[in-house]
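Colleague: Sequence first, then the predicted structure:
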Amino acid sequence: MLLMKLWSWQKENLPSIGHSVRTALAATVSVVVARLVQMPEAYWAAIATLVVMQSSLGATLTLSIERVVATALGASVAIFFIGLLSFGFRLEKTAYRYASVTLTIIVLIPRTNPAWIVALHRFIEVSVGIIVALAVVAFWPERSAIPAGE
């Protein structure tokens, strides 16, 4: 009888205590900065930080650029046009997904401010989170817990 393996862990993909502390610090700093600049929904900064935090600066930078472009697209055009623009800019499906989610949040959640103000706030909130994530990864790179050669 073939037993199905429910979990498969690779040592290099397991979070470390350092990664957990670094990520928690970055998310907290993102919220604090967003509140200091008086963003109405500062939690989006923390969400953006968590989305882009990676173990290396290169991976975080690539994802951050895609996230900023995707947020800008999602905050300003309809999903069909987001798809066309994503195709034109050669963005991956992840960026298209972020752009579509941003648009949906702005369009479907009732707010008292005009949509362009909500979109601008979302862009600023997400950008704060991304900038904090990049700064933390740049100044506090994650060290591999696994010795080379394993």
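Modeller: Yes, it's here.

Colleague: Going by neighbour count, list what's buried in stretch 33-40.
Modeller: Buried residues in stretch 33-40, defined by neighbour count with 16 or more other CB atoms under 10 Å: 33-34, 39. Bear in mind the C-beta positions are built from the backbone N, C-alpha and C, glycine included.

Colleague: Next: stretch 100-110.
Modeller: Those would be 100, 102-103, 105-106, for stretch 100-110 by 16+ other CB under 10 Å.

Colleague: Lowest-confidence one in the buried residues of stretch 33-40?
Modeller: Minimum pLDDT across the buried residues of stretch 33-40 is recorded for Met39, with 92.

Colleague: so that one touches Val128, yeah?
Modeller: Yes: using CB atoms under 8 Å, Met39 makes contact with Val128 at a distance of 7.2 Å.

Colleague: Between those two, which contacts overlap?
Modeller: Ala45 (CB atoms under 8 Å, 6 or more residues apart in numbering).

Colleague: quick one: which of the buried residues of stretch 33-40 is nearest Trp140?
Modeller: Val33 (16.5 Å; CB to CB).

Colleague: That closest one contacts Val128, correct?
Modeller: Yes: the criterion here is CB under 8 Å, and Val33 meets it with Val128 at 5.1 Å.

Colleague: For Arg111, grab the count of nearby residues.
Modeller: 13 (other CB atoms under 10 Å).
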